[in-house]
Every structure is written in C-alpha cells, then in structure tokens.
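Q: just the structure for this:
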Amino acid sequence: MSLRDRKLVSMLSAVSLALAGCTAFAQQTAESPDNLRTEQGSGSAPPPVASECVKAAPGWATQLTVGQWERVSLNTLASQDPRNDPDVNPNYPNSPPWNGTIGQRGVIEAWNGGAFACKYGEFGALIAYGGGHNDYYGSEIYAFDLGMREWRRVSDPYPGPNNWPYFSGRYPDGSAIPPHTYDYVDYDEVTHRFYIFKGQHTLGPPSNSTAVPVLHVFNLETLQWEDGGMNDGVTMFSGGFSAYDPRRNVFWVQGAPTNGAAFTRIDPSVVSGSGERGEFTNYPSHTAWANGRPLNVGAVGAIDPNNDIMVYPSFRDSQNVWARDLTRPQEQAIAINHGGQAPSYASATGWEWSPARNAFLYWRGGGQVHELKPPASGWRNQQWVWTRIANSSTSPTVPRNDNGPYSKFRVATFDEFDLAIVINEGTEGHVWVMRIPND
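A: Got it, this is the predicted structure:
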C-alpha cells in the first residue's frame, strides 16, 4: 500500500471515530473569569480535511538516505542579515537601530520557534522570525525555500527610531515587535499567512512586563503585514504554545501558565469590520496536575488529527505528556500513559505530527529521532508507545546558546514520505533535513 493510500485509510478511520463519538452531552456550569467561555462542546468533530499541500517531493529529497540527518542549505540566514544591506540599514556599515544585544543571531538563539509554510514556492518553506527582550528588535521575516534550498529575507525590519511603548504591539510601519516566540507561531495553508500569537509593546525590559495579547499576521502572498485582533482580557506571557487544527482551519493557543491565561481557539478566516483578522474564543486555561507537577513553560504543541486532540509534552521539570480533547475544549487536559523506548526528556523540544507514521516525532538534538504513537483505540487510558525510529551518524551541531528548537523543527509531508526540517545551529549554520522512515 502506498503512503498516499495509507494516509487515506487513516483519514477514513478518523471519520469513523468522529461519527461514533458524535453524541452531545449536557451543559455544565463552572466558576471562571468573565472572559472565559464555559459552555460545553458537543463532543463531535468535523471530518478530516485533505491538505492541498501534499505533492511529490523535490528531486533532491528523493535521493536522501532514510533516517539520516543531512545538510541541505546552499546559503545561511546570516547571508540575508539586513544589517549588511545599505538600502535597509540607516546606520550602514555600523550597527542598525534594531540590533539589540546579539543582533540577527537572536532570530534562532533567543527562545524562538518557526513554521512550515507549505504553499510558499513550489515545495514549501521553513519560516523564521523572532527576537525579544533585549536580544534583537528586528521585525523581518525569513523563508527557507525547499525548492531552491536557500534562505530569503522576505520583508525588512522597521528601521527606527524606536519610541517605546507601542501599545498595539506593532511598530509604526505595521510590522510586529518581535517577542521571544517560543511555540507561539504557526501557518495556515487556507489563508496562506504566517501568524504570531503574542506581542510586546516595548523591548528591553523583562518580556512578561510588556506582553500584549495581540495576533500578528504576515501575508505570504503579498509579503505584507496585516492587522490582527486583540484578545482583550487574556494574559499572554512567554512560554506558551500553539498548533494548527486542519479539521476546523483554526489555531489552538495555550498561554504560558499564569493568572489570566487561557486556552484559546483562533479562527484566522474571520475579518472584523475594521479589517482585523482573527476571532477569539477563550476556554479555561490548563490548570491540571499529574505526578505532582503542573504544566510548565517550554512545552510545544501539535495535533493528532485522527483522535482530534492537541498533545504537548511538558518536560521542563516532569515527564508528563498532556492531551486535550478538541471536541470538548472546556475540559481540562489529561496526562496520557506513555512508555517504551523513551528519549532523554528535555523541554523546548522539536515536536510534530507525522502523517506518514501516524505518530508524533520528538527531537531535541543529536542523531536520534523518537516517535510517540497513540494506541489503536482508547487514547485516554491505553498506553502510548515511544520508539526510536532513527539514529543518524550525523546531526546538527549544538548552537552557542542552546535554548531549544521549539517549532523550528517541522515536518513537510509529501506523497512519498515525510521530511523533518530544522534550523537550530544559529544564523551561520545549516538547515538540516531527515527523510523519515515510513511506518
């Protein structure tokens, strides 16, 4: 059976599970902040939607050795640094107004994630963006084109001067003031836009003191920033995470654990009368504990489309893996039962769903890639199984500031196989890929 056929079988199985679970249950009431939605969901889910992005892999990728990390980039992110562009840097050849303390290195090294834009170019692109605190103030976007195997700077940073604060979270040119993004960034293939789920009104002071619950939107067709809405009343501190839900064409965002945080559904297709993109529905934040530990910062989220759940490992100070039922988003997440050939648990990990394996991929550095596979049924109670699926003799080097890959580790799905992609070596390092073994 081909990979495409196996994906179709998986989708049909998921439809059957969804139909079997489409029983509504009684509405309950609960004490919660006024800005949080408390009504119960229906317990049902829309059927899986086939991605328009799945296509034949680029020729160079078909020649890769299965299960081996390989360097594929033909240039570096540093080669696109706007500091060295006299048409962009008003202080050229000196340090630009947006330099911060570490310059462009902050895009990769300063607690930032990324996204995979499957409709960018012929084969998709890994999107990089970020800065935060006093590390880097540049608001430019970068794309690593899988077809060209090259980095491109697809927008320019706000040139300054900076007159803090900007309470909208945007510079005067409309670009996003860069936070530490953690896993607060993602892409939606329907609108073909890159989204950032938190903002800052000032850079320099500690990030949580200047956080703004704003949605930032970058149009990858026009290469222009667009206005996103403000999720008023919700606290968006550093360290939360997000995931794109292909069944509903929405994002789910869990704010970092703190008072005022929420578990939020964001519909990017809704545009207000004032032109701001995004509709927010807030549910109670994650407050569950397991094995004596709560959710901590540094988690990364991804969605199992078959079981319709958002799954996120919280390995900063525990070995908990949490799952939240997206058909009942007002309910708390549960800690799943997992065992097997487990990795060395670490936070800020790479964590992505692999359609080819019907499992989550885990990578935190080195040659090994692990998967966590859901049980055939009973995801709430049955054991999920860890397996090491690759032990590459080559691997990305550790960056000088190893703050984790977060969502700079992504999976591109093609007809023939899934391709893991990561940039974590720093702006002068390589993009690495691995052809994931088929299940």
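Q: for residue 270, what are its contacts?
A: 277, 278, 279 (C-beta atoms under 8 Å, 6 or more residues apart in numbering). Backbone N, C-alpha and C define where each C-beta goes, glycine included.
Q: distance check, it against residue 228.
A: The gap separating residue 270 from residue 228 is 11 Å, by C-beta to C-beta, to the nearest Å.
Q: in this structure residue 185 contacts residue 196, no?
A: Yes: with contact defined as C-beta atoms under 8 Å, residue 185 counts as touching residue 196 (5.3 Å).
Q: so what sits against both of those two?
A: Residues within reach of residue 185 and of residue 196 at once, by C-beta under 8 Å, 6+ apart, are residue 129.
Q: tell me the one of the contacts of residue 270 nearest residue 371?
A: Here the nearest of those to residue 371, counting by C-beta to C-beta, is residue 278; it sits at 32.7 Å.
Q: tell me who's in contact with the closest one.
A: 215, 217, 228, 229, 266, 267, 268, 270.
Q: please tell me how far the last one sits from residue 192.
A: Residue 270 is 16 Å from residue 192, where distance means C-beta to C-beta.
Q: repeat that for the fifth one.
A: Distance, residue 266 to residue 192, using C-beta to C-beta: 16 Å.
Q: again with the third one
A: With distances defined as C-beta to C-beta, the gap from residue 228 to residue 192 amounts to 15 Å.
Q: who has more neighbours out of these two?
A: In this view residue 228 and residue 192 are compared by other C-beta atoms under 10 Å, and residue 228 has more residues nearby, 26 against 15.
Q: need phi/psi at the residue nearest to the more buried one when sequence neighbours are not counted.
A: In space, and not counting its chain neighbours, residue 228 is closest to residue 215: 3.1 Å by C-beta to C-beta, 6 or more residues apart in numbering. Phi and psi for residue 215, reported as degrees, to the nearest 10, are phi -100, psi 120.
Q: so who does residue 215 touch?
A: Here residue 215 is in contact with 195, 196, 197, 228, 229, 230, 231, 266, 277, 278, 280 (C-beta under 8 Å, 6+ apart).
Q: what's around the closest residue in space to residue 385 that isn't next to it in sequence, how many residues?
A: Leaving aside its chain neighbours, residue 385 sits nearest to residue 340 (4.2 Å; criterion: C-beta to C-beta, 6+ apart). If you count neighbours by other C-beta under 10 Å, residue 340 ends up with 14.
Q: one more: the one 5 residues further on?
A: Neighbour count for residue 345, taken as other C-beta under 10 Å: 17.
Q: and the lengthiest strand in the chain, what's buried?
A: Looking across the chain with DSSP state E, the single longest strand is strand 262-271. By neighbour count with 16 or more other C-beta atoms under 10 Å, strand 262-271 contains the buried residues 262, 263, 264, 265, 266, 267, 268, 271.
Q: shared neighbours of residue 270 and residue 228, anything?
A: 277, 278.
Q: helices of this protein, start to end?
A: Shown for the chain, the helices assigned by DSSP state H span residues 3-20, 59-62, 106-109.
Q: okay, and the beta partners of residue 144?
A: Beta-bridge pairing for residue 144 (DSSP bridges): residue 126, residue 151.
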